[in-house]
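[1] Quick check, what structure comes out for this input:
(one chain, ligands or ions: 1)
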Amino acid sequence: MISAPADVAAAKAAFPGWAATPRAERARLLHAIADGVERRVEELAQVETADNGALLRSHRRGVMPRVAHNFRFFADWLLTLGHEDFETRGHTNQVSWDPAGPCVLITPWNAPLMLATWKVAPALAAGNTVVLKPAEWSPLTASLLADIAAGAGLPDGVLNVVQGLGGEAGAALVSHPDVRRISFTGSVPTARHIAGAAAANLTPVSLELGGKSPLLVFADADLDLAVDLAVEQYDNAGQVCLAATRLLVESSVAEEFTRRFAARAAELVQGDPREEATDLGPTIHRRQLDKIDGFVRRALDAGARAVVGGGPDTARGDLYYRPTLLADVAQDSEIVQEEVFGPVLTLQTFDTEDEAVELANDTRFGLAATLATGDRERAERVTARLAAGTVWVNCFFVRDLRAPFGGSRHSGIGREGGTWSFDFYCDVKNTVTAP
Ligand code: NAD
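    From the prediction side, this is the model:
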């Protein structure tokens, strides 16, 4: 694999040609990439599952078709970006969306190709060239994407994929002075390094980071729906940035909720992610499992009670962690405040709406929140007070690419989706012309 600076040089050399390519042609090529993804859905799904252990059925039927859609969406959105005109004393102000230059995109392992293409597609559509560095634990589908893009006719140097360790290949890319945008999805500690490197070159940076999102269950909620939403948080073995890992339940229904939740959790099928019947696969890596178990051990030592699970499933080998729910946890404890990134939820109760909001907002994160309530007015009141980039009311994980996605506080800086993506990947220009 060529070294990081060589890829930046390739992206820099290809930039003028790609930036000058008419929008309609760029859009056509992005649709051709989408066609290529659609032709290879099965292969991409198999490879992604082999690489990161997430469910094959969801890669095959959900994720990979969405990857193709990501390219189609941003290709079509590009064509809707108009020139905004304003008039001042007879002068016209014409606002245009110019490509910014070579972009470095750094992505994590939990949803590799999905998250990468939320960045690659708008960056290319905007007329930028790209250097993508996927996570070292899940490198394969990014390289397949490069292959698909070449097959679709994307010119050389427009999309470059670098494989390597974060602290080496990644660090070299984000500190490169020729890079005009850095978009990163990953953890808070890495974000600090990247923001520091970006600051040295004044490179604009977008950060999509971790979370510790709440699920608020009010007594007026449909309890079956609330339980379904809570159990859904174990998807991808809990390795989901948006997961609502803190269950906050109104005291009057807490006992009934917990009983139904435990019964539903016991029905989850844990096993081989390639099997159609599997609900919960392995964690990605032994190191991740040890990290998860460390959080749970320390919480149990501090007085938490395991209502469900509470440790690895050693009978299945060394990658499976049992879906876990911990009660009797203090608000200021590590297990409530820090992102575990595994199938581990906590349970806390509240008596009033104010208390629910206070608990929900009391972490350093602000990525998402989910509400289960039968009262629309309550939903509006509570939503207005929550620190979260996305709030789901009586639903979870519904994502429209036209809408903004991102986090506040330590969950990130900036938003992805629709015009927000183009706002980041473009140098917006205003041209003032005399009458
Ligand atoms: P990570 O921060 O360890 O790594 C992410 C990427 O950064 C990898 O490609 C890695 O190689 C690279 N990297 C590491 N050090 C680097 C450096 N010094 N310079 C440049 N690049 C470097 O994160 P992870 O463990 O792969 O992913 C899990 C984290 O990602 C969790 O915190 C999760 O919440 C977060 N995440 C956030 C979102 C979101 O949209 N907000 C989505 C998915 C995951």
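[2] I'd like the distance between the closest residue to Ser143 other than its chain neighbours and the ligand.
    Leaving aside its chain neighbours, Ser143 sits nearest to Val161 (5.6 Å; criterion: C-beta to C-beta, 6 or more residues apart in numbering). Any C-beta I mention is one placed from the backbone N, CA and C, and that applies to glycine too. Going from Val161 to the ligand by C-beta to the nearest ligand atom, to the nearest Å gives 12 Å.
[3] what do you get for Ser175?
    With distances taken as C-beta to the nearest ligand atom, Ser175 is found 8 Å from the ligand.
[4] Show the pLDDT at the residue nearest to that residue when sequence neighbours are not counted.
    Leaving aside its chain neighbours, Ser175 sits nearest to Ala197 (4.2 Å; criterion: C-beta to C-beta, 6+ apart). Looking at Ala197, its pLDDT stands at 98.
[5] dump the residue contacts of Ala197.
    Ala197 makes contact with 171, 174-175, 182, 203, according to C-beta atoms under 8 Å, 6 or more residues apart in numbering.
[6] change it to 10 Å
    Applying C-beta atoms under 10 Å, 6 or more residues apart in numbering to Ala197 gives the contacts 104, 170-176, 179, 182, 203, 205.
[7] Most neighbours among those residues, please name it.
    In terms of neighbour count, Val104 stands highest of the contacts of Ala197 at 34 neighbours, by other C-beta atoms under 10 Å.
[8] That residue contacts Pro5, doesn't it?
    No: the pair Val104 / Pro5 is not scored as a contact, 11.4 Å apart, by C-beta atoms under 10 Å.
[9] Give me the common contacts of the two.
    Shared contacts of Val104 and Pro5, defined by C-beta under 10 Å, 6+ apart, comprise 131, 162, 172-173, 176, 178.
[10] Could you tell me which residues of this structure lie near the ligand?
    Within the chain, the residues that sit near the ligand (C-beta under 6 Å from any ligand atom) are 106-110, 115, 133-136, 166-167, 170-171, 174, 185-187, 190, 193-194, 208-211, 241, 339, 341, 367, 407, 412.
[11] Tell me the pLDDT of the nearest residue to Pro122 once chain neighbours are set aside.
    Spatial nearest neighbour of Pro122, excluding adjacent residues (C-beta to C-beta, 6+ apart): Ser421 at 3.7 Å. Looking at Ser421, its pLDDT is 98.
[12] by contact count, what packs against the helix or strand containing Ser421?
    Element membership for Ser421 (DSSP states H and E) is helix 418-425. In terms of contacts (3 or more C-beta pairs under 10 Å, 6 or more residues apart in numbering; DSSP states H and E), helix 418-425 is packed against helix 64-80, strand 91-99, helix 112-125, strand 181-185, strand 205-208.
[13] Of all those, which one is nearest Ala150?
    Nearest to Ala150, of all these, is helix 112-125, at 13.2 Å by C-beta to C-beta.
[14] Using CSV, write out every CA atom in the closest one.
    Extracted in CSV, the C-alpha atoms of helix 112-125 (Å, rounded to 0.1, in the frame of the first residue of the first chain):
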residue,chain,number,x,y,z
PRO,A,112,-17.3,0.4,8.1
LEU,A,113,-18.7,1.0,4.6
MET,A,114,-21.9,2.7,5.7
LEU,A,115,-20.1,5.4,7.6
ALA,A,116,-17.3,5.7,5.0
THR,A,117,-19.8,6.4,2.2
TRP,A,118,-21.7,9.0,4.2
LYS,A,119,-18.5,10.9,3.7
VAL,A,120,-17.1,9.7,0.4
ALA,A,121,-20.3,10.3,-1.5
PRO,A,122,-20.8,14.0,-0.6
ALA,A,123,-17.1,14.7,-0.7
LEU,A,124,-16.8,13.4,-4.3
ALA,A,125,-20.1,14.9,-5.4
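[15] After it, which helix or strand is next? Please name it.
    With elements assigned by DSSP H and E, the helix or strand that comes after helix 112-125 is strand 130-133.
[16] chain center to that following strand: distance?
    Computed by C-alpha atoms, centre = their mean, to the nearest Å, the separation of strand 130-133 from the middle of its chain amounts to 17 Å.
[17] Averaged pLDDT, it. What do you get?
    Rounded mean pLDDT across strand 130-133 is 98.
[18] what's the answer for stretch 386-406, then?
    The average of the pLDDT scores along stretch 386-406 is 97.
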